[in-house]
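In: this one's sequence-less:
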């Protein structure tokens, strides 16, 4: 395997360069990055719906229960249509879903922390829960901030990933095994 990597060091370098390019796009055009991500999810929902319907048809031919796959396929296709028709709305819905999750999980963390303060003085759970609640409130009132933050986190990951791949590629290239 080492010989294959040495012979194809350029493939790692190319992957790293593409990751860095993605990071630049994510940092400078976060709205576009998030929209593309939601459209990729829509494409996944479309394919998953098609395959679920195929499974339902095959099960139906064998006189087996196909209703769950049929329902799943139809719901996935409807979701894909909604995402493709209104990608911006789908993105905002995702941010609101994350906001709701942050509020609920933050409230649970606060309750757990308060219960533990009496027992072991664990106040950090209350702080972490409060941070989640603050995030949820911010996302509810400024959903665009969630879209930008999501894109920036993905961009940061892609930048670090790309730098690591480029570094590995050139180390392999100039220091063959």
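Out: Here it is on my side, so go on. Since this is a predicted model, take the numbers as computed values, not measurements.
In: Leaving out chain neighbours, which residue sits closest to residue 127?
Out: Excluding the flanking residues, the one nearest residue 127 by C-beta to C-beta, 6 or more residues apart in numbering is residue 113, at 7.6 Å. For the C-beta atoms, the positions are set from N, CA and C on the backbone; glycine is no exception.
In: again but with residue 150, I slipped
Out: Leaving out its chain neighbours, the residue that sits closest to residue 150 by C-beta to C-beta, 6+ apart is residue 34, at 5.8 Å.
In: for that neighbour, what are its contacts?
Out: 91, 147, 148, 150, 151 (C-beta atoms under 8 Å, 6 or more residues apart in numbering).
In: so how far is residue 56 from the first one?
Out: As for residue 91, its distance to residue 56 is 30 Å (criterion: C-beta to C-beta, to the nearest Å).
In: again with the fourth one
Out: With the distance defined as C-beta to C-beta, residue 150 ends up 34 Å from residue 56.
In: Repeat that for the last one.
Out: Separation of residue 151 from residue 56 (C-beta to C-beta) stands at 36 Å.
In: Same check on residue 95?
Out: Residue 95 sits 32 Å away from residue 56, going by C-beta to C-beta.
In: swap in residue 165?
Out: Residue 165 is 41 Å from residue 56, where distance means C-beta to C-beta.
In: now swap in residue 160 and tell me
Out: 43 Å.
In: Looking at the two, which is more packed in?
Out: residue 56 (21 against 13; other C-beta atoms under 10 Å).
In: next helix or strand past the helix or strand containing the more buried one?
Out: Remark: residue 56 resides in helix 30-61, with elements defined by DSSP states H and E. Going down the chain from helix 30-61, the next helix or strand is helix 67-85, by DSSP H and E.
In: ok, and what's touching that following helix?
Out: Contact with helix 67-85 is made by 38-39, 41-43, 45-46, 48-53, 55-56, 59-60, 89-90, as judged by C-beta under 8 Å, 6+ apart.
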